[in-house]
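S.K.: Mind folding the following:
(chains A and B)
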Amino acid sequence: MKSSFPKQFIANTLALFCGWLVLSGKYDNFHLVLGFTASCGVAWLNTGFPHSPFQQFPWGRMVLYSPWLFLRIVESSLHLTKLILNPSLPIKPRLITYRSQLKHRGAIVVLGNSVTLTPGTITVEINGNTFLVHAIDEAAGNDLTTGRMERKLAWVFQEDTNL
Amino acid sequence: MVVIAIGLILVGIFFLVVAAIGTLRLPDVFSRSHAVSLTDSLGAICVLAGLALYQGFGINMLKILVVLVLLILLNPVIAHATIRAAYRSGLKPQTEEDQ
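M.R.: Now for the predicted structure:
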């Protein structure tokens, strides 16, 4: 861990300084030096923790997963819009218990967040890898109950779940 | 560019109105939270994307995109916390049999 300290420190400083550049909006010398000093300080304080959950996080495949999730969000938004605007309000709310086979803790967090982010389903409780999900009707919960979302995440985290 | 921006903002406003109607019409806290999540997803995304396009390429567009990413990351967390608190405090969701 000690050997990667400078590399990690420089990466953190650059990331923080980019954030400063976007948010400050003042580009005279005084503010640039101030921002750089602050970035170095914060990066120095935060570098060297050995078990950061983001170290083995598959950012690349995560970026490939997000367009699929966005498409699902649009589709289920339209589905929910139809349900709400229907005068007879044809909802069939239900609680679904779902046992996931994902092992990576990050994968479970991303699955819970994806479920909540999709309109029509919301994660009520996560216990180990058992999900309690509230769905507004049967179609809304389909992605989860058929294991479609989980298969995608198993690919993102390269897990063998025989789904 | 401006036309696309205005179109996106109008679509966003439509979804915000639908979400408001849903919040009024749906029966309990759990199903109402679905209507609220409609605001987060398509409503806010469309309005903010429209604003970003309206600003044109520049520092303000980047700032709006930062807000957009934060919204997408934080909203499910807050929705989940609210619903879990409701569930743990003993509120049971209405199901098909009750209706």
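S.K.: Near chain B, which residues of chain A are found?
M.R.: The interface of chain A toward chain B, taken as Cβ under 8 Å from any Cβ of the partner chain, is made up of A:22-23, A:25, A:73-74, A:77, A:80-81, A:84-85, A:89, A:91-95, A:112-113, A:116-125, A:132, A:134, A:136, A:140. Where C-beta positions appear, they are placed from N, C-alpha and C, glycine not excepted.
S.K.: Quickly find the element holding the residue most central in space within chain A.
M.R.: The structure's chain A has its C-alpha centroid closest to A:V110; by Cα atoms, centre = their mean the separation is 4.4 Å. The secondary structure element spanning A:V110 is helix A:105-117 (assigned by DSSP states H and E).
S.K.: which outside residues touch that helix?
M.R.: Here helix A:105-117 makes contact (Cβ atoms under 8 Å, 6 or more residues apart in numbering or on different chains) with A:53, A:56-57, A:62, A:69, A:73, A:100, A:102, A:121-123, A:126, A:129, A:131, A:133, A:144, A:149-150, A:153-154, A:156-157, A:159, B:37, B:40-41, B:72, B:75-77, B:79-80.
S.K.: Among the residues you listed, name the ones in helices.
M.R.: Applying DSSP state H to the contacts of helix A:105-117, the entries found in helices are A:62, A:69, A:73, A:144, A:149-150, A:153-154, A:156, B:37, B:72, B:75-77, B:79-80.
S.K.: Just the buried ones from those residues, in PyMOL syntax?
M.R.: For anyone working in PyMOL, the buried entries among the ones in helices among the contacts of helix A:105-117, judged by 16 or more other Cβ atoms under 10 Å in any protein chain shown, can be selected with:
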select buried, (chain A and resi 69+73+144+149+150+153+154+156) or (chain B and resi 37+72+75+76+79+80)
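S.K.: Tell me the one of the ones in helices among the contacts of helix A:105-117 nearest A:H31?
M.R.: Distances from A:H31 to the ones in helices among the contacts of helix A:105-117, taken as Cβ to Cβ, are shortest for B:I72 (29.0 Å).
S.K.: Would you mind measuring from that closest one to A:P67?
M.R.: Taking Cβ to Cβ, to the nearest Å as the criterion, B:I72 is separated from A:P67 by 13 Å.
S.K.: helix or strand right after the lowest-mean-pLDDT helix or strand in chain B?
M.R.: Taking all helices and strands of chain B together, the one with the lowest average confidence (mean pLDDT, DSSP states H and E) is helix B:29-38, at a mean of 85. Using DSSP H and E, the helix or strand that follows helix B:29-38 in sequence is helix B:44-55.
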